[in-house]
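the following comprises the amino acid sequence and a computationally predicted model.
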Protein chains: 4
Amino acid sequence: MDAKTREDAVRRLKSAAGHLNGIIRMLEEDRYCIDVIKQIQAVQAALNRVNEGILDSHLRTCVTTAIRDEDSAERERVLAEITEVFRYSNKP
Amino acid sequence: MDAKTREDAVRRLKSAAGHLNGIIRMLEEDRYCIDVIKQIQAVQAALNRVNEGILDSHLRTCVTTAIRDEDSAERERVLAEITEVFRYSNKP
Amino acid sequence: MDAKTREDAVRRLKSAAGHLNGIIRMLEEDRYCIDVIKQIQAVQAALNRVNEGILDSHLRTCVTTAIRDEDSAERERVLAEITEVFRYSNKP
Amino acid sequence: MDAKTREDAVRRLKSAAGHLNGIIRMLEEDRYCIDVIKQIQAVQAALNRVNEGILDSHLRTCVTTAIRDEDSAERERVLAEITEVFRYSNKP
């Protein structure tokens, strides 16, 4: 992954971890269930954004390199991983 | 997409359409709400399987061709589409 | 489920089945993979709308009745179903 | 929400925050993109478990109370929230 994507991902993950700590405080203050669920869903949406950024960078770097390479087993592995990640995104 | 993937997708989509017609009958017979919802979720899961098959084939054909090609705009377009499909799979 | 919700669900499911038949034709005409995937994702989104309508009606009818009832086993069953449907919606 | 659910949610969210910090370290060590994405998807799955637990408790406490109450506006509000949370779970 390129440096800009990595920095962006680190920044967003730190923000998500901070958000989770805020949600823990909401629970400790016995806040309303639905408000807690909505905040957790917001963190999940933020994590989707991170994954999209990393996948985009991965396609432009590792996947592009593997597809241009002569090593067909490596190519196969890299393409299968994309489908696997897509499959899992349909059922976390 | 390769012929085998296309045939497999057509077969699964015909099955899904048949499944939907069965669910319409369930509604007309006033069957229990939750049973209807579960059947609709089963159709959605079947459609995910179709999308995974098509994406897998797409990566091995169109995407591989585009990445090996000299046309950088076409390459860019094809890679951006993968991320877009992944993004949408996170929020249908 | 109330009559209006049922009619609305039948209408939307018929439309979704028609949409699937259109996608089958797209495959038979060998249309571009990504366009097919996006159409399938549109059907999945339409099915989510159906499930939301049915769930909303279910809460106002069956669940409300069960919660007001004396039968605690039935109440337990009905509430567990809601969580189950929510869980599955997180991983079709 | 009942005390047991709240304690369970706090424990799981602390674990998820720790997991995110581990993923930040993975990024700083320039680990393989797909491994990072899979770890983020694992956190998202863990957050789904938290939401399911909170929703389950919410149904047994706040929703049950509201449905048995005379205040129809409050009942309406509480039921609409369940559908809203379900809708959002279909598109984070």
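Nice, thanks for sending it over.

contact partners for the residue nearest the centre of chain A?
Geometric centre of chain A, nearest residue: A:N51, 2.5 Å, by C-alpha atoms, centre = their mean. By C-beta atoms under 8 Å, 6 or more residues apart in numbering or on different chains, A:N51 lies in contact with A:85, A:89, B:86, B:90, D:37, D:40-41. In short, each C-beta sits where N, CA and C put it, glycine included.

contact partners of stretch A:72-79?
In contact with stretch A:72-79 (C-beta under 8 Å, 6+ apart) are residues A:62-63, A:66-67, A:69, B:56, B:59-60, B:64.

6 Å instead, please
For stretch A:72-79, contacts defined as C-beta atoms under 6 Å, 6 or more residues apart in numbering or on different chains pick out A:63, A:66-67, B:59.

next one: stretch A:18-31
By C-beta under 6 Å, 6+ apart, stretch A:18-31 touches A:36, A:39, A:43, D:6, D:9-10, D:13, D:16-17.

enumerate the residues of chain A near chain D.
A:1, A:6, A:9-10, A:13, A:16-17, A:20, A:23-24, A:27, A:33-34, A:36-37, A:40-41, A:44-45, A:47, A:50-51, A:54, A:58, A:81, A:85, A:88, A:92 (C-beta under 6 Å from any C-beta of the partner chain).

if we use 7 Å, what do you get?
Counting by C-beta under 7 Å from any C-beta of the partner chain, chain A comes close to chain D at A:1, A:6, A:9-10, A:13-14, A:16-17, A:20-21, A:23-24, A:27-28, A:33-34, A:36-37, A:40-41, A:43-45, A:47-48, A:50-51, A:54-55, A:57-58, A:62, A:81, A:85, A:88-89, A:92.

so which of those residues sit within helices?
The members of these that map onto helices under DSSP state H are A:6, A:9-10, A:13-14, A:16-17, A:20-21, A:23-24, A:27-28, A:33-34, A:36-37, A:40-41, A:43-45, A:47-48, A:50-51, A:54-55, A:57-58, A:81, A:85, A:88-89.

for the nearest residue to A:T83 once chain neighbours are set aside, give its distance to B:E74.
Spatially, and ignoring its direct neighbours in sequence, A:T83 is nearest to B:D56 (4.4 Å; C-beta to C-beta, 6 or more residues apart in numbering or on different chains). Using C-beta to C-beta, to the nearest Å, B:D56 is found at 21 Å from B:E74.

the two - which one has more neighbours?
When neighbours are counted by other C-beta atoms under 10 Å in any protein chain shown, B:D56 and B:E74 differ, and B:D56 comes out ahead with 21 against 14.

how about the CA coordinates for whichever strand or helix holds A:T65, as CSV?
Using DSSP states H and E, A:T65 sits within helix A:64-68. Extracted C-alpha coordinates of helix A:64-68, given in CSV (Å, rounded to 0.1, in the frame of the first residue of the first chain):
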residue,chain,number,x,y,z
THR,A,64,-1.2,-4.7,-10.6
THR,A,65,2.3,-6.0,-10.0
ALA,A,66,1.1,-9.6,-9.6
ILE,A,67,-1.0,-9.5,-12.7
ARG,A,68,1.9,-8.2,-14.8
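
who's in contact with it?
Helix A:64-68 has contacts (C-beta atoms under 7 Å, 6 or more residues apart in numbering or on different chains) with A:74-75, A:78, B:64, B:67-68.

what residues sit buried inside it?
Neighbour counts over helix A:64-68 (16 or more other C-beta atoms under 10 Å in any protein chain shown) mark A:64, A:66-67 as buried.

who touches A:T5 in this structure?
A:53-54, A:57.

so for it, what's the pLDDT?
Turning to A:T5, the model gives it a pLDDT of 96.

kindly report the same for the one 4 residues further on.
The predicted local confidence for A:A9 comes out at a pLDDT of 98.

buried members of the residues of chain A next to chain D into ChimeraX, please.
In ChimeraX, a selection of the buried entries from these looks like this (16+ other C-beta under 10 Å):
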select /A:1,6,9,10,13,16,17,20,23,24,27,33,34,36,37,40,41,43,44,45,47,48,50,51,54,55,57,58,62,81,85,88,89,92
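
burial count for A:D69?
11.

please report phi then psi for it.
phi -80, psi 160 (degrees, to the nearest 10).

what's the local residue count around the nearest residue to it once chain neighbours are set aside?
Closest residue in space to A:D69, ignoring its immediate chain neighbours: A:R75 at 6.5 Å, by C-beta to C-beta, 6+ apart. Look at A:R75: counted by other C-beta under 10 Å, it has 19 neighbours.

where's A:R75, which helix or strand?
If you go by DSSP H and E, A:R75 is part of helix A:72-89.

for A:R6, which non-adjacent residue is closest in space?
Spatially, and ignoring its direct neighbours in sequence, A:R6 is nearest to D:L27 (5.3 Å; C-beta to C-beta, 6+ apart).

and the one you found, how far is that from chain B?
From D:L27 across to chain B, the span is 18 Å (C-beta to the nearest C-beta, to the nearest Å).

how confident was the prediction at that residue?
97.

which residues does A:I40 contact?
A:23, D:47, D:50-51.

quick one: A:C62 and D:C33 touch, right?
Yes - taking contacts as C-beta atoms under 7 Å, A:C62 lies within contact range of D:C33: 6.2 Å.

can you list residues touching both of the two?
Counting by C-beta under 7 Å, 6+ apart, nothing touches both A:C62 and D:C33.

which single one of the buried residues of helix A:64-68 is nearest to chain C?
Ranked by distance to chain C (C-beta to the nearest C-beta), these are led by A:I67 at 16.2 Å.

give me the nearest residue to that closest one, chain neighbours excluded.
A:I67 sits nearest to B:I67 (C-beta to C-beta, 6+ apart), 4.4 Å away.
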